[in-house]
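Visitor: need coordinates for the following:
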Amino acid sequence: MRKRNNLIQIWLSDDELEKLSTQAAKCGLSRAAFLRQLICGFQPKELPPPDFYPMMRQLYYCGNNLNQIARKAHALNVIDTQRYEESEEMYLSALEVYQRLTAVNPQVYEPYLVRACNNLSFLFLAQGNFEEAERYAREGSKYDSTHHTVYTNLAASLLFQGRYAEAEEIYLRYKEELKEDFLSDFEDFYRRGIIPPEREDDVERIKKLLSK
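Guide: Reported below is the predicted structural model:
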């Protein structure tokens, strides 16, 4: 039995009809279904592009890669350079896709873009490439300055470059919110041998600052 027995006809201009058709198509809906969702108080969401799900699978694989690299580095004190380079390529590819998606729909894809920047920043930290780590941390904060975890990588990248004052300012600014993350990162950096020997005194100064 038909549930909808009331037919309503409305007149639209060519421009209004084109906008309705375009928005409905982006959501994978008919025009009628699109309008019914709006009437019920729902905001229809655009379908992800065809390359979104393959990219998510790629990032999942990349995350597993990084976890395995970290466990191996911790157990054997050996960095698997080839797999780091593999992961770097994956994240750079992901970043390109997310930049393109964010330009179209920032509300949906910006968090993924910030996460990709943050992961790349950490990846470069682990490789000892502190300039690139800084670059991608700043890139992430540019897209969303409220994603504060990106500042853990930014502060470390500055500290390890010998830019103590800049790093200290970030550590102090986010001390209350990110203190445990900062301290945990230092322990992780020590285990992985990331901290340059000439910066170890600076790290201890920051740790004391955070512990006050």
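Visitor: next one: stretch 181-195 to chain centre, how far?
Guide: Taking Cα atoms, centre = their mean, to the nearest Å, one finds stretch 181-195 lying 21 Å from the centre of the chain it belongs to.
Visitor: just the CA coordinates of it, formatted as CSV?
Guide: Extracted C-alpha coordinates of stretch 181-195, given in CSV (Å, rounded to 0.1, in the frame of the first residue of the first chain):
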residue,chain,number,x,y,z
ASP,A,181,51.2,13.8,25.5
PHE,A,182,54.4,15.9,25.5
LEU,A,183,56.0,13.8,28.2
SER,A,184,54.9,10.5,26.6
ASP,A,185,56.4,11.7,23.3
PHE,A,186,59.7,12.4,24.9
GLU,A,187,59.9,8.9,26.3
ASP,A,188,59.0,7.5,22.8
PHE,A,189,61.6,9.7,21.2
TYR,A,190,64.3,8.5,23.6
ARG,A,191,63.4,4.8,22.9
ARG,A,192,63.6,5.4,19.2
GLY,A,193,66.8,7.4,19.3
ILE,A,194,65.2,10.4,17.7
ILE,A,195,66.5,13.1,20.0
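Visitor: buried set for it?
Guide: Counting neighbours by 16 or more other Cβ atoms under 10 Å, one finds that the buried residues in stretch 181-195 are 182, 185-186, 188-189, 192, 194-195. The way it works is simple: take the backbone N, C-alpha and C, and place the C-beta from them, glycine included.
Visitor: try stretch 159-176
Guide: If you call a residue buried by 16+ other Cβ under 10 Å, then stretch 159-176 has these buried ones: 159-161, 163, 167-168, 170-171, 174.
Visitor: now the two most distant members of those.
Guide: With Cβ to Cβ as the measure, no two of these lie farther apart than 161 and 174, at 18.7 Å.
Visitor: contacts for stretch 34-54, please.
Guide: When contacts are defined by Cβ atoms under 8 Å, 6 or more residues apart in numbering, stretch 34-54 is touched by residues 20, 23-24, 26-29, 97, 101, 105, 108.
Visitor: buried ones among those residues?
Guide: Members of the contacts of stretch 34-54 that pass the buried threshold by neighbour count (16+ other Cβ under 10 Å) are listed as 24, 29, 97, 101.
Visitor: coming back round to it: lowest-confidence one in the buried residues of stretch 181-195?
Guide: Ranked by pLDDT, those bottom out at residue 192 (79).
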